[in-house]
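Asks: I would like the atomic coordinates for the input below:
(chains A, B, C and D)
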Number of protein chains: 2
Amino acid sequence: MSRNPTPTSDPCCTPLTGAAMSAGEAERIAPLLKALADPVRLRLVSLIAAGGAGEACVCDLNEAFDLTQATISHHLKVLHTAGVLDREKRGVWVYYAVRPEALRSVATLFGTAALTPA
Amino acid sequence: MSRNPTPTSDPCCTPLTGAAMSAGEAERIAPLLKALADPVRLRLVSLIAAGGAGEACVCDLNEAFDLTQATISHHLKVLHTAGVLDREKRGVWVYYAVRPEALRSVATLFGTAALTPA
DNA sequence: TCGGGACATCGACACTTGTCGATGCCCCGA
DNA sequence: TCGGGGCATCGACAAGTGTCGATGTCCCGA
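Replies: Numbering: from 1, shown residues only, chains lettered A, B, ... in the order given. Below you'll find the predicted structure:
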């Protein structure tokens, strides 16, 4: 619809059409990044990952923030829904664990990108 | 927060697994991830990075999406403000280039994290 | 059996964000 | 000098997001 009628032949630069990331790929990865793009959730993942076995109890996470328990629970749900965290209930307590595959996806995406020297 | 659009001073480059991330550190990195956490912006960065010299003209980027020129301009501004893209005007056209440091920050952050289970 | 503690969910609120059409600014070519 | 094209900005709108207090659900110990 809004295709530019090419004001002058051969405008400025390289084609770059049909390049690296497809639209579908971008739509698949963006939610993962969106889940991680929050200071509280970044710290949550960091706290869980820094814990001994890569997991942490919600009761401990609650005490690390100046936020309501409902808010922390919400953030943990967002991370879990995005596939960043695993959830396991043990008796009264709930433990969240980091899913390495999720972080590996992001690392791969930007790792290769950062190494392209131009 | 009227920050200079070129935060060259040591971005993040801190492991996600070592010690827990501080609140200030999380607040500093989250905007970078937030800028990248959008399908359109991910494709924009990908297109720019895939171009020959790691840069691209806005006129070409406009044609790669089914969005208004104003919307693309907005997304480019977000990426530029976050320090992901560099902006350079050449005559009538404007070229955006990827800042490798920005992507390297993200790669470092999640790269070490993905290697955890060892 | 009953009470209480640990999490999740709900409803509500202010704030942010993605998108658009319209308009303004700047640079070049005629 | 003037007209036009490339890009940014403005104002507006709907949709999404972070946060809270209140409430619900489940499980254990007394």
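Asks: did I read that right, A:D86 in a strand?
Replies: Yes. Counting by DSSP: H, G, I helix; E, B strand; the rest coil, A:D86 is found in a strand.
Asks: burial count for the closest residue to it other than its chain neighbours?
Replies: Nearest residue to A:D86 in three dimensions, chain neighbours excluded: A:A97, at 4.5 Å (CB to CB, 6 or more residues apart in numbering or on different chains). The way it works is simple: take the backbone N, C-alpha and C, and place the C-beta from them, glycine included. Look at A:A97: counted by other CB atoms under 10 Å in any protein chain shown, it has 16 neighbours.
Asks: can you confirm A:A97 is in a helix?
Replies: No. With three-state DSSP as the criterion, A:A97 is assigned strand and is not in a helix.
Asks: Which positions in stretch A:70-88 come out as buried?
Replies: A:72, A:75-76, A:78-79, A:82, A:84-86 (16 or more other CB atoms under 10 Å in any protein chain shown).
Asks: can you pull out the helices in chain A?
Replies: A:23-36, A:39-50, A:58-63, A:69-81, A:100-114 (DSSP state H).
Asks: Quick check: which of those helices is buried the most?
Replies: Among the helices of chain A, helix A:39-50 has the highest mean neighbour count (mean count of other CB atoms under 10 Å in any protein chain shown), at a mean of 23.
Asks: roughly how far out does it sit from the chain middle?
Replies: 12 Å (CA atoms, centre = their mean, to the nearest Å).
Asks: Can you name every helix or strand that that helix contacts?
Replies: helix A:23-36, strand A:55-57, helix A:58-63, helix A:69-81, strand A:93-98, helix B:23-36 (3 or more CB pairs under 8 Å, 6 or more residues apart in numbering or on different chains; DSSP states H and E).
Asks: Dump the ones you listed into a markdown table; add mean pLDDT and distance to A:L109 as well.
Replies: Conversion of the helices and strands packed on helix A:39-50 to a markdown table gives the following (pLDDT from 0 to 100; distance: least, CB to CB, whole Å):
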| stretch | mean pLDDT | distance to A:L109 |
| --- | --- | --- |
| helix A:23-36 | 94 | 6 |
| strand A:55-57 | 95 | 25 |
| helix A:58-63 | 95 | 27 |
| helix A:69-81 | 98 | 18 |
| strand A:93-98 | 96 | 17 |
| helix B:23-36 | 94 | 9 |
